[in-house]
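Undergrad: A structural model of the following input is requested.
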Amino acid sequence: MTKMTKLALAALLGMAVLSTTASANPNKGKKIYMKKMKAKCGFSGAKFATKHTQDEWEKIKNAGKFAGEAAKICPGLKLKEKYINDVYDFAHEYASDSGNVPSC
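TA: The predicted structure follows:
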């Protein structure tokens, strides 16, 4: 391979690795739920996540209404902007139609 091809391949691999670490994480969302939300909600993360299907959670998130929906499910909850993507990934991962059950 030429030096240019090797450089391009290395750049592509580097971008793939960096983009993976920059994305939201269901496990981080579970930790946020346990620390910041569970007391306000009064029930487990499994019950929170199963309030909607994966498609419903996706529609809510795409409409920009995830924080409002979380507040409707857990009255009095004010979800910070920086937590929304991780908590969304948690809710989507463990939605009612996913077949997954979180350990919280």
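
Undergrad: any chance you could map the strands in the protein?
TA: Using DSSP state E, no strands are assigned anywhere in the chain.

Undergrad: centroid residue for it?
TA: Using Cα atoms, centre = their mean, the residue of the chain that lies closest to the mean C-alpha position is residue 89, 1.7 Å off.

Undergrad: my guess is that one contacts residue 24, does it?
TA: Yes: the criterion here is Cβ atoms under 8 Å, and residue 89 meets it with residue 24 at 4.4 Å. C-beta: built from backbone N, CA, C; applies to glycine.

Undergrad: mind listing the helices for this structure?
TA: 3-22, 26-32, 38-41, 45-49, 54-62, 66-73, 84-93 (DSSP state H).

Undergrad: Residues contacting the fourth one, please?
TA: The one in question is helix 45-49. Contact with helix 45-49 is made by 30, 33-34, 37-38, 41, 70, 73-74, 90-91, 93-96, 101-102, 104, as judged by Cβ atoms under 8 Å, 6 or more residues apart in numbering.
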